[in-house]
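Engineer: 3D, please:
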Amino acid sequence: YHKSDILYGIHLAKQEIKKKNRAILVEGNMDVIAAHKADVKNVVGVSGTALTRGHLKILKRYTNRFTLFFDADAAGRVAANKSAAMCLAEDIELSLVTLSEGKDAADLVAEDPEKLKKVIEQSKNALTFFIDQAKATYDLNEPHGKREAAEEILALATHVAHPIERAEWIKKCAQACDISLEHAHEVLALLKADEKPLKKKEAKSTTEKSPGSQEKKPPDKSAAQKENTQMITQIIRVALTFPLAWKVLVSEAQEYPFIAEHKTLEKLAREGPSLKYDPQLFLESISEEATGEKYHALSAYKEEFERTRPEGFSQDDEIKKLLKRGQILYDKQCLAKYTNQLSAVSVADGGKAKKDLIQKISEITNRMQHYS
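Structural biologist: Below you'll find the model as predicted:
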């Protein structure tokens with residue numbers, strides 16, 4: 001018995017999968033049972049495990065078109081990205097259905113069986129979904145944000161099996177990130193170059209490790225920087241999408257010093273009232289390029305936000321949660337910087353430099369305790 005090769009309900013679903021030329025994958029056994037009760041019979045369950053090559057091998061006997069349900073949280077998106085890469089490499093046409101946090105397919109059926117059919121009809125092509133996700137996550141007006149978005153979606157596009165489709169998706173990724181096709185291929189070359197030494201290094205460390213020993217990994221600075229970039233982008237999007245959230249940002253800017261350290265956030269806080277909290281005016285004030293497209297992206301984000309948040313969750317709650325998290329991330333970076341500086345202070349530098357650094361560290365530590 002290998003759980004990773006089991007698809008719950010396949011014996012009941014296989015004829016309907018052939019007929020509809022599509023397999024719908026859900027997580028739990030109860031989701032499969034609920035779907036069949038709702039007269040959606042081309043559904044199978046992965047029995048709580050991630051999608052595996054064993055699952056693909058079974059399903060490809062009946063179709064090469066899959067629709068995958070996944071959770072809206074960060075872990076769910078990571079799992080969906082891995083599943084998408086695997087499916088694209090196997091020349092499978094994959095679409096995705098995002099579930100609100102804490103909900104599953106069985107919950108939709110319990111509320112209204114038609115809801116399940118509706119979300120399946122509205123499923124998005126996997127690459128289109130992750131392109132939209134990158135545009136919503138990263139600030140494409142910032143060079144680093146553009147780089148992060150390009151690396152993320154181009155890395156996925158390289159898995160597309162057919163060369164013509166792969167070329168077209170790379171082109172779409174480049175257009176989404178507003179970079180040239182030449183730059184997109186340069187990014188791909190860098191990604192491939194980074195993969196090879198990493199694999200060699202991993203293989204070497206595996207052979208050198210003694211039995212029972214655990215490998216210690218250095219802190220991932222790029223991960224912290226990435227999280228910080230994502231957090232700031234999210235704050236900007238929520239503020240521009242919801243005027244009430246923007247007003248909260250303006251009213252509480254003094255409470256969160258990190259806002260003043262980021263030019264776009266600082267501009268949002270400073271100019272919100274004079275712009276009458278109009279997102280289009282703000283977008284025009286920072287860049288006249290593709291303002292309409294960016295404004296349209298905010299509408300798409302609003303729809304996604306309202307669909308994936310639990311009932312009763314307000315924009316005020318969201319912006320306050322994001323501001324708090326943004327300040328904590330900023331304080332962690334400052335704390336690390338000042339701690340390193342303190343360890344480098346020599347006796348010859350005198351006591352004042354050391355005293356100033358200790359004072360800064362103390363202020364940050366107290367502030368972090370306040371927000372925790």
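Engineer: any idea where the strands of this protein begin and end?
Structural biologist: Assigned by DSSP state E, the chain shows strands spanning 23-26, 43-45, 65-71, 93-99, 124-125.
Engineer: closest to Leu56 out of those?
Structural biologist: Evaluated over the strands of the chain, closeness to Leu56 peaks at strand 65-71, with 8.4 Å, by Cβ to Cβ. C-beta: built from backbone N, CA, C; applies to glycine.
Engineer: mind listing what the closest one pairs with, with the direction of each?
Structural biologist: strand 23-26 (parallel), strand 93-99 (parallel) (DSSP bridges).
Engineer: Let's see it as PDB, backbone CA atoms only.
Structural biologist: The C-alpha trace of strand 65-71 is given here as PDB (Å, rounded to 0.1, in the frame of the first residue of the first chain):
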ATOM      1  CA  ARG A  65      -6.700  18.000 -18.500                       C
ATOM      2  CA  PHE A  66      -6.700  18.400 -14.700                       C
ATOM      3  CA  THR A  67      -8.400  20.900 -12.400                       C
ATOM      4  CA  LEU A  68      -6.800  21.100  -8.900                       C
ATOM      5  CA  PHE A  69      -8.400  22.500  -5.800                       C
ATOM      6  CA  PHE A  70      -6.000  24.100  -3.300                       C
ATOM      7  CA  ASP A  71      -5.900  26.300  -0.100                       C
END
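Engineer: which residues touch the closest residue in space to Arg22 that isn't next to it in sequence?
Structural biologist: Among residues not flanking Arg22 along the chain, Arg65 sits closest, at 4.5 Å (Cβ to Cβ, 6 or more residues apart in numbering). The contact partners of Arg65, by Cβ atoms under 8 Å, 6 or more residues apart in numbering, come to Asn21, Arg22, Ala23, Ile92, Glu93, Ser95.
Engineer: Neighbours of the third one, how many?
Structural biologist: Neighbour count for Ala23, taken as other Cβ atoms under 10 Å: 28.
Engineer: Please apply the same query to Lys354.
Structural biologist: When neighbours are counted by other Cβ under 10 Å, Lys354 comes out with 15.
Engineer: roughly how far apart are the closest residue to Gln133 other than its chain neighbours and Asp71?
Structural biologist: With Cβ to Cβ, 6+ apart as the criterion, Gln133 has its nearest non-adjacent residue at 7.1 Å, and that residue is Arg77. Look at Arg77 and Asp71: by Cβ to Cβ, to the nearest Å, they are 8 Å apart.
Engineer: same check, this time on Leu190
Structural biologist: In terms of Cβ to Cβ, Leu190 sits 31 Å off from Asp71.
Engineer: In terms of packing, which of these two has more residues around it?
Structural biologist: Higher neighbour count among Leu190 and Asp71: Asp71, with 19 against 12, using other Cβ under 10 Å.
Engineer: In contact with the residue nearest to Glu261 when sequence neighbours are not counted, which residues?
Structural biologist: The shortest distance from Glu261 to any non-neighbouring residue, by Cβ to Cβ, 6+ apart, is to Tyr330 (6.9 Å). Taking Cβ under 8 Å, 6+ apart, we find Tyr330 in contact with Asn228, Pro257, Phe258, Glu261.
Engineer: can you pick the most crowded of these?
Structural biologist: Phe258 (22 neighbours).
Engineer: What distance do you get for it to Leu240?
Structural biologist: 18 Å.
Engineer: now swap in Val160 and tell me
Structural biologist: Using Cβ to Cβ, Val160 is found at 33 Å from Leu240.
Engineer: Look at these two and report which has more neighbours.
Structural biologist: Comparing Val160 with Leu240 by other Cβ under 10 Å, the one with more neighbours is Leu240, at 24 against 19.
Engineer: Now for the more buried one: which residues touch it?
Structural biologist: Applying Cβ under 8 Å, 6+ apart, the residues contacting Leu240 are Trp246, Leu268, Pro279, Phe282, Leu283, Leu298.
Engineer: tell me the contacts of the residue nearest to Lys82 when sequence neighbours are not counted?
Structural biologist: Nearest residue to Lys82 in three dimensions, chain neighbours excluded: Ala50, at 6.9 Å (Cβ to Cβ, 6+ apart). Counting by Cβ under 8 Å, 6+ apart, Ala50 makes contact with Ala79, Lys82, Ser83.
Engineer: what's the pLDDT at Ala50?
Structural biologist: Reported pLDDT at Ala50 in the predicted model: 77.
Engineer: Repeat that for Pro143.
Structural biologist: 89.
Engineer: what bits of the chain have low per-residue confidence?
Structural biologist: Along the chain, the model assigns pLDDT under 70 to residues 1-5, 48-49, 101-102, 193-224, 287-296, 308-313, 345-351, 369, 371-372.
Engineer: Looking at it, which helix is longest?
Structural biologist: helix 315-344 (DSSP state H).
Engineer: Return the set of buried residues in that helix.
Structural biologist: For helix 315-344, a neighbour-count test (16 or more other Cβ atoms under 10 Å) marks 315, 318-320, 322-331, 333-335, 338 as buried.
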